[in-house]
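Engineer: Fold the stuff below for me.
(2 chains)
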Amino acid sequence: MTTTTSPGVVSAESSEGTAGLKLSGLQLRLISIVGFFLAWEISGHVPISPAFPTFSGTMMAMFEMIFDGSLFLAYFETLKPLLLGVGISAFFGVTIGVSMGLNKKSRWLWEPIFVVLQASPVAALIPLITYAYGIGITAKTVAVIILASPIIVLNTYKAVGNASPVLVQMSRAFQGTRMQEIWKVIIPNAAPVIFAGLRLGVAAGFIGVILAELLITPTGIGDIISYNRSIAKYPHMYAAVLSIIVFSAVMVGMLEKAEVKYFRPEKKRGQ
Amino acid sequence: MNKAIHMSLPDATTPTDPSANIVSVRGITKFYGSDVHALEDVNLDFPTGQMTTLLGPSGCGKTTLLKIIAGLLETTSGEVMVKGKAVTSPGPERAFVFQDFALLPWATVTRNVAFGLELTGVPLKEREAKAKSYIDKVGLSGFEDKYPHELSGGVRQRVGLARALAVDADVLLMDEPFSAVDEQNRRKFQEDLLHLLSVENKTVIFVTHSIEEAVYVSDQIVLLSPRPGRIHSIIRPELDRSSSPDDIRRDKVYLDTVEEIWGNIREYLD
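Structural biologist: Alright, predicted model coming up:
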């Protein structure tokens, strides 16, 4: 360590302090998860309602669906429109958002559309999507895009629009071109907020695809949920719901890892 | 006579010798919008190889003037001459040190120091070697791979200074570089800066609101009046720079000059 020679470096003491915090943070998180499952198990036994299964029953149903392969088949169906929709929303959403942040005309052109989209109850639009695109993968992909893109666009736009004026001035003072200013300063500076938008966008995309599977065509995970509800196999229905929540959380977490790895290396050591 | 020498205000009509004054400003007036009048008809010369301080109370337009010289702000009227040529945008002969450091939080010390070179297209190996040599010169050895949030204010500003030195500009423009640095580090930094500048042979234009700092570091002090900023007076403290930093701070000329400037600034505060 360089603690003796350098007044500026965060001392070993404080970094140990954060390590200690991290450990208890992990413990707290485990306690939170275990506590939740425990409460679920107990309330399943009470029982709150005949339609509310226990945690253990739900897990049994999940293992059953994992081993007979039905869960994987369902995910295969669900992931196609989801990944397609999220991919399109991420690429065009970030591009449009960056252009809005940098250019007044682009802002005037796109802002009304996405603000209205974000504010509207999108579930109400889904029947309209069915009219326009039928009941195939296109309709589901469009549902994902409609839910995911506004939040990605608006977050990116705000992040780029609020780029640190000091850093931009620094880039100019050292004779940076406008392109260098955008790529080397504005976009990396905006990356944390852009990624926050992407994470929210992915989560919204999951809502979109499940809504589409429940409202448009019963396929994939949405089908498992609605089918098992209709035949009163509640543990299976809850297992499908739980799996999609876990899956969504893992994807969002992976996005966070990618952000730190490729855009904000300083966060790896800082927190 | 052992007293600070006062110079008359430079006359806008006097032709300036470009070899003696690397930077000159002529008739600079600046309005922000239509109602904020920041600077009024400022004429100044900055002698080559010397340290000139722009000093004045808050809102006297000293940072505005510095940013106009840097080419970061446009003038309402008047012009900035660098090496005898009128300039309106940043150029390779000027480098800027920012008040709040302006370091890239996602870049290491090395990349931050080399950033000016990166923007002008210097190859990676070459710019890293150059960055390394300035990292050593400003006393940052061992910090190469740190990120800005891991450093204290004083150390961050050394990174800012190294970045400005690395582009090898003739003129260093420093905007209250020590205002976000604590008192102990500030004194050490002032001493290091004077030592470094005696080796590097740069012309420095330095903005500060600290009278002591101005008298301690400057060859020439430009005292500005409050808004709209005009030149109140130009003072050249005749200090014996060969004596130790502590002796300079106890020197009668140093103390008298500080008092005299304080007397001038006080008028504006009442």
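Engineer: so what pLDDT did residue 237 get?
Structural biologist: Going with chain A. In this model, A:Met237 is scored at 92, pLDDT.
Engineer: um, chain B though
Structural biologist: Reading off the model, B:Pro237 has pLDDT 81.
Engineer: list the contacts for the nearest residue to A:Glu111 once chain neighbours are set aside?
Structural biologist: Once flanking residues are discounted, A:Glu111 sits nearest to A:Met100: 6.6 Å by CB to CB, 6 or more residues apart in numbering or on different chains. Every C-beta, even on glycine, is put in place using the N, C-alpha and C of the backbone. Applying CB atoms under 8 Å, 6 or more residues apart in numbering or on different chains to A:Met100 gives the contacts A:106-107, A:110-111, A:153, A:156-157, A:160-161.
Engineer: Kindly reformat those residues as JSON lines containing pLDDT, neighbour count and distance to B:Phe31.
Structural biologist: Output for those, formatted as JSON lines (pLDDT from 0 to 100; neighbours: other CB atoms under 10 Å in any protein chain shown; distance: CB to CB, whole Å):
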{"residue": "A:Ser106", "pLDDT": "92", "neighbour count": "16", "distance to B:Phe31": "30"}
{"residue": "A:Arg107", "pLDDT": "92", "neighbour count": "15", "distance to B:Phe31": "28"}
{"residue": "A:Trp110", "pLDDT": "93", "neighbour count": "17", "distance to B:Phe31": "34"}
{"residue": "A:Glu111", "pLDDT": "92", "neighbour count": "14", "distance to B:Phe31": "32"}
{"residue": "A:Val153", "pLDDT": "95", "neighbour count": "29", "distance to B:Phe31": "37"}
{"residue": "A:Thr156", "pLDDT": "94", "neighbour count": "30", "distance to B:Phe31": "35"}
{"residue": "A:Tyr157", "pLDDT": "94", "neighbour count": "28", "distance to B:Phe31": "32"}
{"residue": "A:Val160", "pLDDT": "94", "neighbour count": "23", "distance to B:Phe31": "30"}
{"residue": "A:Gly161", "pLDDT": "91", "neighbour count": "15", "distance to B:Phe31": "26"}
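Engineer: Can you pick out the ones from those residues that are in helices?
Structural biologist: A:106-107, A:110-111, A:153, A:156-157, A:160-161 (DSSP state H).
Engineer: Please state the offset of stretch A:62-82 from the chain centre?
Structural biologist: Stretch A:62-82 has its C-alpha centroid displaced from the chain centroid by 20 Å (CA atoms, centre = their mean, to the nearest Å).
Engineer: and for it, what are the contacting residues?
Structural biologist: Here stretch A:62-82 makes contact (CB under 8 Å, 6+ apart) with A:137, A:140-141, A:143-144, A:205-206, A:208-210, A:212-213, A:219-224, A:236, A:239-240, A:242-244, A:247.
Engineer: buried sites along that stretch?
Structural biologist: For stretch A:62-82, the neighbour count (16 or more other CB atoms under 10 Å in any protein chain shown) marks A:62, A:65, A:71, A:74-75, A:77-78, A:80-82 as buried.
Engineer: cool, and stretch A:181-193?
Structural biologist: Buried residues in stretch A:181-193, defined by neighbour count with 16+ other CB under 10 Å: A:181-182, A:184-193.
Engineer: Tell me who's in contact with the nearest residue to A:Leu102 once chain neighbours are set aside.
Structural biologist: Nearest residue to A:Leu102 in three dimensions, chain neighbours excluded: A:Val160, at 6.3 Å (CB to CB, 6+ apart). A:Val160 makes contact with A:97-98, A:100-102, A:186-187, A:190, A:194, according to CB under 8 Å, 6+ apart.
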